[in-house]
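In: Predicted coordinates and the sequence they were generated for:
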Amino acid sequence: MSTSPKKTSAGDRKAARRAATERMREQRERAERSARIRRRTVVGAASAVVLALAAGVAFAVGGSSGSGDAAADGPLVVPANAGGADGTVITYGKADAPHTLEVYEDFRCPFCEQLETTTGPTVQQLADAGSYKIEYRMATFLDQGLGGKGSRTALAAAGAALNEGVDKFKQFHDVLYANQPDEREDAFADVNHLLDLADKVPGLKTDGFVKAVREGTYLPWANQVNKAFDKSGVTGTPTVRLDGQKLDVFAGGSAVSPERFTAMVEQVTG
């Protein structure tokens, strides 16, 4: 027994058009919001270059090292497990890995969040397999671009996690990106919120960790890390380099797929 096709009423067609229009509006708003952040980054970079040339000093995107709160202006305490000549590099992976992947990020950067939540697991898997070691070189310039202090406060909390262990840092790093607030919000400036997120990392919330986060022990270190970023010449986040060669981890405004990232790594490493 055959059945005739169900007729679509004029009301159904109008509802479908309204739904399609609403989806297009939401997509446009998301694209415009991302574009605003990208423009801020580009404008900040251009301004930084002008200031650097005028002042004759190293200066990068946002380039703010001052803080205004007492803890951030206190004595410098470098977390255990920090590396690099000045203690500003966080290295994850096997020390004898034949290649080095440099990752420049800001915890408030929405493009960093997209990369980490899309391709991040593959980035870690390749490090775990020994293909390369990862050197995280963090920044806090978006606090200046967006207002607030969430980048710096989150980085200081990540320093407290690093003090507990590199694996704790990596897990907390991933939790922060998985729970990144809208760029118009500054939720990472709230240490209580950061401590709540730390609950997602088993064994992280030792008494020492909680004390360091509440007292801002690693805020001066976060400032030092940002100064190192300023001197790196990197003008935006995320920036990813493998053995010094920049990888194009965004294509068409979106983070590359895990498969594409793996192919780029293989092309560089042979």
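Out: Perfect, thanks for sending it. Everything numeric here is computed off the predicted structure, so don't read it as measured data.

In: and stretch 241-260, C-alpha only, in PDB?
Out: What follows is stretch 241-260, C-alpha atoms only, in PDB (Å, rounded to 0.1, in the frame of the first residue of the first chain):
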ATOM      1  CA  ARG A 241      56.500  26.000  16.100                       C
ATOM      2  CA  LEU A 242      58.200  22.600  15.500                       C
ATOM      3  CA  ASP A 243      62.000  22.800  15.600                       C
ATOM      4  CA  GLY A 244      61.600  26.500  14.900                       C
ATOM      5  CA  GLN A 245      59.300  26.100  11.900                       C
ATOM      6  CA  LYS A 246      55.900  27.700  12.400                       C
ATOM      7  CA  LEU A 247      53.000  25.300  11.800                       C
ATOM      8  CA  ASP A 248      49.700  26.700  10.300                       C
ATOM      9  CA  VAL A 249      47.400  25.300  13.000                       C
ATOM     10  CA  PHE A 250      44.400  27.300  11.700                       C
ATOM     11  CA  ALA A 251      42.800  26.900   8.300                       C
ATOM     12  CA  GLY A 252      39.700  28.900   7.200                       C
ATOM     13  CA  GLY A 253      39.300  30.300  10.700                       C
ATOM     14  CA  SER A 254      39.200  26.900  12.400                       C
ATOM     15  CA  ALA A 255      41.800  24.800  14.100                       C
ATOM     16  CA  VAL A 256      43.200  22.100  11.900                       C
ATOM     17  CA  SER A 257      42.100  18.500  12.400                       C
ATOM     18  CA  PRO A 258      44.200  16.000  14.400                       C
ATOM     19  CA  GLU A 259      44.900  14.200  11.100                       C
ATOM     20  CA  ARG A 260      46.200  17.400   9.500                       C
END
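
In: hmm, who's touching that stretch?
Out: By Cβ atoms under 8 Å, 6 or more residues apart in numbering, the list of residues contacting stretch 241-260 from outside reads 31, 34, 99-102, 111, 114-115, 118-119, 121-122, 132, 238-240, 261, 264-265, 268-269. Placement of C-beta: from N, CA and C, glycine included.

In: which of those residues count as buried?
Out: Neighbour counting with 16 or more other Cβ atoms under 10 Å marks 34, 99, 101-102, 111, 114-115, 118-119, 122, 132, 238-240, 261, 264-265 as buried within the contacts of stretch 241-260.

In: Return the subset of these lying in strands.
Out: 101, 102, 239, 240 (DSSP state E).

In: What residues does the third one make contact with?
Out: The reference is to residue 239. Counted by Cβ under 8 Å, 6+ apart, residue 239 has contacts 102, 103, 104, 246.

In: Specify which member of the residues you listed is nearest to residue 221.
Out: residue 104 (17.2 Å; Cβ to Cβ).

In: Assumed the closest one was part of a strand.
Out: Yes - secondary structure of residue 104 (DSSP: H, G, I helix; E, B strand; the rest coil): part of a strand.

In: what about stretch 121-138, how long is it end to end?
Out: By Cα to Cα, to the nearest Å, the extent of stretch 121-138 from end to end equals 19 Å.

In: Now do the buried residues in that stretch.
Out: In stretch 121-138, counting by 16+ other Cβ under 10 Å, buried: 122-124, 126-127, 131-138.

In: And those residues, which two are furthest apart?
Out: Largest pairwise distance in these, by Cβ to Cβ, is 22.2 Å, between 131 and 138.

In: Is the residue nearest to residue 139 when sequence neighbours are not counted within a helix or a strand, and which one?
Out: Excluding its sequence neighbours, the residue lying closest to residue 139 (Cβ to Cβ, 6 or more residues apart in numbering) is residue 229, at 4.0 Å. Using DSSP states H and E, residue 229 maps to helix 219-232.
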